[in-house]
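Trainee: give me the fold of what follows.
(one chain, ligands or ions: 2)
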Amino acid sequence: ALHLAKAQDGKSLEDFQKVYNAIAEKLRDEDEFDGYIGYGPNLVRLSWHVSGTFDKNDNSGGSFGGTYRFKKEADDPANKGLQNAAHFLEPIAKKFPWISHGDLYTLAGVTALQEMQGPKIPWRPGRVDADEKDTPENGRLPDASQDGSYVRHYFGRFGFTDQEIVALLGAHCLGKTHLENSGYEGPWGAATNTFTNEFFVNLLNENWKLEKNEAGNKQYNSEKGYMMLPTDYALVQDGKFRKYVEKYAKDQDAFFEDFKSAYVKLLENGIDFGKLGKAYVFKTLDEQDS
Ligand code: HEM
Ligand SMILES: O=C1CCNc2c1cnc1ccccc21
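Mentor: Ligands and ions are numbered 1, 2, ... in the order given. Here you go, the predicted model:
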């Protein structure tokens with residue numbers, strides 16, 4: 001059965017906005033991380049990885065139980081590099097001991113996206129920390145070396161459509177790959193900490209060459225020093241995916257709208273929020289300056 005979200009005793013929008021602001025201020029302070037990319041992309045990746053263990057067939061995994069805090073999940077080779085995001089969040093968890101890990105990991109991704117000028121992401125609290133025994137086994141996160149049919153089948157486990165898959169992968173406009181984490185390298189050139197539709201523009205505008213990188217893995221490189229994973233490039237090789245790449249490359253607003261919906265679905269997969277009321281939409285730091 002679905003996990004039932006539980007209201008946090010008397011916590012309201014103001015309380016969660018305080019957590020949002022603490023994360024957002026720390027993002028601004030610690031801007032030198034990863035060659036001045038900052039922690040934003042890493043926090044977004046953490047929010048996806050804690051949710052991407054979900055399996056709709058038995059409702060196991062997913063963001064609800066906050067099981068990334070346990071060694072078994074944190075040490076999944078697919079999670080290499082996310083120790084940085086987890087370390088970044090430790091003082092936030094100490095300052096707000098009442099928030100569950102599942103809520104913190106997902107709220108951190110929402111905060112990072114909004115602070116990187118992404119769309120407003122409606123977010124609902126109520127995830128409850130699960131026991132270590134409920135930690136999903138390693139191997140539920142995707143393999144970057146694969147093709148379009150693999151990507152379609154993989155996301156089928158969450159019940160995602162082609163359109164949702166392409167929108168979600170647009171998050172690869174952020175940050176970069178690190179050879180020591182995933183065996184892929186680059187791009188420094190296009191590695192950004194601003195949320196845009198540039199991933200789709202890059203896919204269509206650059207001419208990509210499949211090359212072996214220093215780790216012996218094949219990746220697509222462009223003259224400008226941009227890169228794409230094989231699973232990224234699959235989005236233009238597969239005709240059904242390609243039409244959404246073209247849509248989002250032309251229309252950033254459509255991308256923002258569809259990404260928001262798919263990302264909320266990813267973060268809430270497997271959770272019944274019942275009548276816990278509507279989602280919170282947080283103000284960015286800039287919107288609170290005045
Ligand atoms: C087919 C599915 C996917 C594959 C195979 C994949 C693979 C990867 C790999 C290999 C990296 C580089 C990690 C490193 O070396 O540090 C990466 C980074 C990243 N991924 Fe994905 N990813 C997928 C889907 C997603 C989704 C759905 C999101 C978010 C909605 C996402 C967000 C990110 C972000 C923001 C980064 C940059 C992290 C950083 O700069 O530290 N990815 N991904
Ligand atoms: O084209 C880009 C922009 C910068 N970041 C990425 C791109 C393509 N694929 C990626 C795959 C994983 C992480 C970052 C990127």
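
Trainee: where's residue 210, which helix or strand?
Mentor: strand 209-212 (DSSP states H and E).

Trainee: and the following helix or strand past that strand, how far out from the chain's middle?
Mentor: Remark: after strand 209-212, the chain's next helix or strand is strand 218-221, criterion DSSP H and E. Centroid separation between strand 218-221 and its chain, computed with Cα atoms, centre = their mean, to the nearest Å, is 22 Å.

Trainee: parallel or antiparallel, list what pairs with strand 218-221.
Mentor: strand 209-212 (antiparallel), strand 227-228 (antiparallel) (DSSP bridges).

Trainee: now it: average pLDDT?
Mentor: For strand 218-221, mean pLDDT is 97.

Trainee: residues in contact with it: which ones?
Mentor: Strand 218-221 is contacted by residues 145, 177, 184-186, 208-213, 227-230, 232-233 when judged by Cβ atoms under 8 Å, 6 or more residues apart in numbering. (C-beta placed from N, C-alpha, C; glycine too.)

Trainee: cutoff 7 Å now
Mentor: Strand 218-221 is contacted from outside by 145, 184, 208-213, 227-230, 233, using Cβ atoms under 7 Å, 6 or more residues apart in numbering.

Trainee: grab the nearest non-local neighbour of the closest residue to ligand 1 within the chain.
Mentor: Residue nearest to ligand 1 within the chain: residue 175 (2.1 Å; Cβ to the nearest ligand atom). Distances taken as Cβ to Cβ, 6 or more residues apart in numbering place residue 41 nearest to residue 175, at 2.8 Å, with adjacent residues excluded.

Trainee: now swap in residue 267 and tell me
Mentor: Nearest to residue 267 is residue 106, by Cβ to Cβ, 6+ apart, at 4.6 Å.

Trainee: show the pLDDT at the one you found.
Mentor: 98.

Trainee: just checking, what packs against the helix or strand harbouring it?
Mentor: Assigned by DSSP H and E, residue 106 falls within helix 101-115. Packing partners of helix 101-115 (3 or more Cβ pairs under 7 Å, 6 or more residues apart in numbering; DSSP states H and E): helix 13-29, helix 40-51, helix 83-95.

Trainee: closest to residue 123 out of those helices?
Mentor: helix 13-29 (7.8 Å; Cβ to Cβ).
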